[in-house]
Every structure is written in structure tokens, then in C-alpha cells.
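Asks: Attaching a predicted model along with its sequence, questions to come.
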Amino acid sequence: MNLSYIDVAIKLALGLLSLIVVINYTGKGNLAPTSASDQIQNYVLGGILGGVIYNPSITILQYCIILLIWFALVLTLRWVKTNNRTVKKMLDGEPLQLIKHGKIDVENVRLAGLTAQEVAFKLRSQGVFSIRDVKSAILEQNGQLILTKFGEENPKYPIITDGVIQQNILEVIDKTEDWVTEQLAAQDIQDVSDVFLAEYNSGQLMVVKY
């Protein structure tokens, strides 16, 4: 019986160690998942731990091999998402603008898999009781609803992320791609793919290059 407890303890320790290693190698996304793929990584590891550590038929060596396979898959997925924007978009999706200038976008709401009641609940949870008071409502990949009310000072909007212009944000601030191109040219940047992050703040474009 004591040997069984020792096996469980070793497997649990290996699982915790593997999670620490993955977080250190792939960033802190697993601590506060911002996308479906980050969340699924946590679920899969939880399933591995729960299904293996109490199963005496799976040896510690087999368990280590399973963890190594999981670790390799996580790193591969992270690398593909970093280097292929199409794959990243397919896996993580994009922010959806649910409300624009006091009008709800029914198509985007349905695309997000939300009902009218769920949208109303998300608004009420942030102290908003009428969509007419909302200048913009954007649903992020992690399900968080970011609101901007009429009369509020515009927050810092991410116009460019990972070399890609965010069209829905341009609509919120009433700007065009030509305006973005002019702003970049004024900072001696000719290609948007050279931009890691560009934020709109008080009429200015604050750029961080790769």
C-alpha cells in the first residue's frame, strides 16, 4: 500500500513539474488563458493527471512518455500559432464587436454563440442597462466583454497586434487603413508586419516593433 502512495506522489510531482516547465517555456498564458487553445492545454493536463496518477497499471515510465508527448504537442501548437497567422485565427478566433454606436450586431452575437438574454446579462454585470448607452462592446477570445460608453474617454485600443490590423477596432475609432499606413510611414515603418503592437491613444498611434 505504501508503494502505491509513493507512485501517486511521484506521478503528481512529475505532473506539477511538467506544468511549471511548460509555463516557463511558453509564457504565462496558462495562468490566465486568453484563448481556447490555452484553456484546452490546462484541461488536457488535468485529464492526464486525473486519469493516470491513480491508475496502477500505468507505470511511471509510461506516464513520463505521456507527459513528454503532451509537452511536445503544446510547444508545437505554440510555435505554429506564433508563425502562422491563419492557424492562429482558426484556433483562437478573433474579437467580435457585438455593439457599435448603440446598435447591436445580431450576426456577430449569433456567431459568438450568445443569446439576447446572455448579452443583456453581460451588460448588466457591468452596470449597463441599455445598449443605447454603449459606444462599443467587443467580445474578446476569452469571453470577456470590453465596453466603451458614450462620453467616456477612449481607452488604449490595440490597432495592430502581431503584424495584423484589427479592422473592428478601426471601426470603433472611426479610422481607416490609410490612416494607419500614414501613421506608420511617419514613424519610418513601411510594412505593418514589422509591428508587434500598435495602440491608439488620444489620437496618436503608439508603435512597438519586433
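Replies: Here it is on my side, so go on. Numbers count the residues shown, from 1 in each chain.

Asks: tell me the secondary structure for residue 197?
Replies: strand (DSSP: H, G, I helix; E, B strand; the rest coil).

Asks: Can you report phi and psi for the closest residue to it other than its chain neighbours?
Replies: Spatial nearest neighbour of residue 197, chain neighbours left out: residue 208 (4.5 Å); criterion: C-beta to C-beta, 6 or more residues apart in numbering. Every residue, glycine included, has its C-beta placed from N, CA and C. Backbone geometry at residue 208, expressed as degrees, to the nearest 10, gives phi -120, psi 120.

Asks: State the distance from the nearest residue to residue 198 once chain neighbours are set aside to residue 205.
Replies: In this structure, residue 198 finds its nearest non-sequential neighbour in residue 160, 3.8 Å apart by C-beta to C-beta, 6+ apart. Per C-beta to C-beta, to the nearest Å, residue 160 is found 8 Å from residue 205.

Asks: For residue 86, grab the count of nearby residues.
Replies: 8 (other C-beta atoms under 10 Å).

Asks: what separates the helix or strand harbouring it from the chain centre, distance-wise?
Replies: Taking DSSP states H and E as the definition, residue 86 sits inside helix 85-92. Averaging C-alpha positions (C-alpha atoms, centre = their mean, to the nearest Å) puts helix 85-92 11 Å from its chain's average.

Asks: for that helix, packing partners?
Replies: With contacts defined as 3 or more C-beta pairs under 8 Å, 6 or more residues apart in numbering; DSSP states H and E, the packing partners of helix 85-92 are helix 36-52, helix 60-83.
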